[in-house]
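Trainee: Provided below are the primary sequence and the corresponding predicted coordinates.
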Amino acid sequence: MAGIIGSDVETLRWKNGRLEMIDQRVLPARFEYISYDSAAGVADGIRSMVVRGAPAIGCAAAYGVALEALQLRDLGPEAFRDGIEKAFEVLAGSRPTAVNLFWALEHMRTRMDTMSVSAPSQIAAKLLEEAHAVLSKDIRINRTLGTFGADLLSDGARVLTHCNAGALATAGHGTALGVIRSAVASGKKISVVADETRPFLQGARLTAWEMVQAKIPVTLISDNMAGHLMSRGEIDAVVVGTDRVAANGDVANKIGTYMVAVLARRHEIPFYVACPLSTIDLGIADGSAIPIEERAADEVTGYRDCQWAAPGVSVRNPAFDVTPAELVTALITEKGVVKQPTTDRVVALFPS
Ligand code: MRU
């Protein structure tokens, strides 16, 4: 199957002057890439969930800016600037919760601002270099935090995860699944319990697929089974990813994560959050200010073309929830493990 390198997956790739992204809406039934050549196209790919997962969204946004710059490189400086500003705007409006999107845009803007007197074609070339750098740095970071996280898992651990924080959610290796991949690579026998993750089924469709590809034992459960398994002593640790961590360590992640964290505390099971620094938002004091995306009702009333709920029923569909820091055993970052996160401990991760 194209796109798979060893046990890993090329979620985004640069090919023939265009960005290609695996269409995650159709996995695992089909493995296909969609090709993009503009910021508006990439924004649409993010909005419609062709690409999803906080770090992968960030990488896609960086390429969105670079693609637009390449499109506009023959314009005069002013028209080029106007076009790039529109690209930033359309990408920033694609999804609200994952802070990596805004982190990547800020990163690209800073790069551009260092070259304000250069010709548009030179700026475009540098922005493309920067997008490539964002992508390769993401993989390096995931491998580093994976090694730190692997030390927290004992040999034989049965690890529950929610949503997909794997290679598909990043440039490669994954964050939560990166911890699992690294633990397996270090020789530990790890098995994964994947929550199906209603309503978009990232666990059933994507995590299960990734773990099967990597030959890591995986058992799929529906979300309402997690408490039962924990009460029977069948889960040793929880590892999840995150879309945004507030300065005090509150964690926004896929809807249902909070429920898992409460259950983990009830059963004295460690609850770990794999978290690259690009996912920490020091501008937000606590989780109450994290914007939570509300998605379309038809994701809850059914799945794709099959709609099973009573027509006319009213629906809520928040795509993320916030787990308070007090329920987090540790954040696993590329700078090391932060036990029982507090504002002081989170802020200390960043150079002052
Ligand atoms: O709506 P999604 O699929 O983009 O949500 C993804 C998640 O919630 C992931 O757990 C999170 O982005 C971390 S990915 C390393």
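Mentor: Structure's in. What do you need? Numbers count the residues shown, from 1 in each chain.

Trainee: I'd like the distance between T333 and the ligand.
Mentor: Between T333 and the ligand the distance, using Cβ to the nearest ligand atom, to the nearest Å, works out to 13 Å. Just so you know, the C-beta spots here come from the backbone N, C-alpha and C atoms, and that holds for glycine as well.

Trainee: Next up, the contacts around that residue.
Mentor: Neighbour list for T333: L145, F148, C275, P276, L277, I280, L349 [criterion: Cβ atoms under 8 Å, 6 or more residues apart in numbering].

Trainee: so how far is S154 from it?
Mentor: Here the criterion is Cβ to Cβ, to the nearest Å. By it, T333 lies 21 Å from S154.

Trainee: which SSE is the nearest residue in space to L153 that is not next to it in sequence in?
Mentor: Using Cβ to Cβ, 6 or more residues apart in numbering and skipping the chain neighbours, the partner closest in space to L153 is A183 (4.7 Å). A183 is part of helix 176-185 when elements are defined by DSSP states H and E.

Trainee: Need the residues that contact the helix or strand just after that helix.
Mentor: Along the chain past helix 176-185, the next helix or strand (assigned with DSSP H and E) turns out to be strand 191-195. Residues from elsewhere that reach strand 191-195 (Cβ under 8 Å, 6+ apart): 157-163, 177, 180, 203-204, 207-208, 211, 216-223, 226, 229, 234-235, 256, 260.

Trainee: And the buried ones among the residues you listed, selectable in PyMOL?
Mentor: Typed into PyMOL, the next command selects the buried ones out of these (criterion: 16 or more other Cβ atoms under 10 Å):
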select buried, resi 157+158+159+160+161+162+163+177+180+203+204+207+208+211+216+218+221+223+226+229+235+256+260
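
Trainee: Narrow the contacts of strand 191-195 to those in strands?
Mentor: Here DSSP state E is the test, and these give R158, V159, L160, T161, V218, T219, L220, I221 as lying in strands.

Trainee: Can you redo those residues as TSV, where the extra columns are distance to K126 and pLDDT?
Mentor: Conversion of the ones in strands among the contacts of strand 191-195 to TSV gives the following (distance: Cβ to Cβ, whole Å; pLDDT from 0 to 100):
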residue	distance to K126	pLDDT
R158	47	98
V159	41	99
L160	43	99
T161	38	99
V218	42	98
T219	47	98
L220	44	98
I221	47	98
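
Trainee: which one of these sits closest to the ligand?
Mentor: T161 (8.6 Å; Cβ to the nearest ligand atom).

Trainee: Identify the residues contacting that closest one.
Mentor: Taking Cβ under 8 Å, 6+ apart as the contact definition, T161 lies against A176, L177, I180, V192, V193, A194, D195, G203, T207, V238, V239, V240.

Trainee: From T110, how far off is whatever residue of the chain ends up closest to the ligand?
Mentor: Nearest residue of the chain to the ligand: G241, at 2.8 Å (Cβ to the nearest ligand atom). G241 is 25 Å from T110, where distance means Cβ to Cβ.

Trainee: out of the contacts of strand 191-195, who's near the ligand?
Mentor: Of the entries in the contacts of strand 191-195, those that also sit close to the ligand under the rule Cβ under 6 Å from any ligand atom are C163.

Trainee: For the residue nearest to L153, grab the count of nearby residues.
Mentor: The local packing of A183 (other Cβ atoms under 10 Å) involves 25 other residues.

Trainee: For it, give me its contacts.
Mentor: For A183, the contact set (Cβ under 8 Å, 6+ apart) comprises G146, G149, A150, L153, A157, I190.

Trainee: What about the residues you listed, which one has the most neighbours?
Mentor: The member of the contacts of A183 that has the most neighbours, counting by other Cβ under 10 Å, is G149 with 28 neighbours.

Trainee: is it true that that residue touches T329?
Mentor: No - in this structure G149 lies outside contact range of T329 using Cβ atoms under 8 Å: 11.6 Å.

Trainee: Overlap in contacts, these two.
Mentor: Y272.

Trainee: wouldn't L229 be in contact with T219 here?
Mentor: No - between L229 and T219 there is no contact, the gap being 9.0 Å when judged by Cβ under 8 Å.

Trainee: ok, now how distant is L160 from M112?
Mentor: Relative to M112, L160 is positioned 42 Å away (Cβ to Cβ).

Trainee: got the residue ranges for the helices in this structure?
Mentor: 39-47, 54-71, 77-92, 99-113, 120-150, 176-185, 202, 208-213, 226-231, 257-266, 298-301, 343-347 (DSSP state H).

Trainee: Tell me which residues of the last one come out buried.
Mentor: The one in question is helix 343-347. Buried residues in helix 343-347, counted by 16+ other Cβ under 10 Å: R345, V346.
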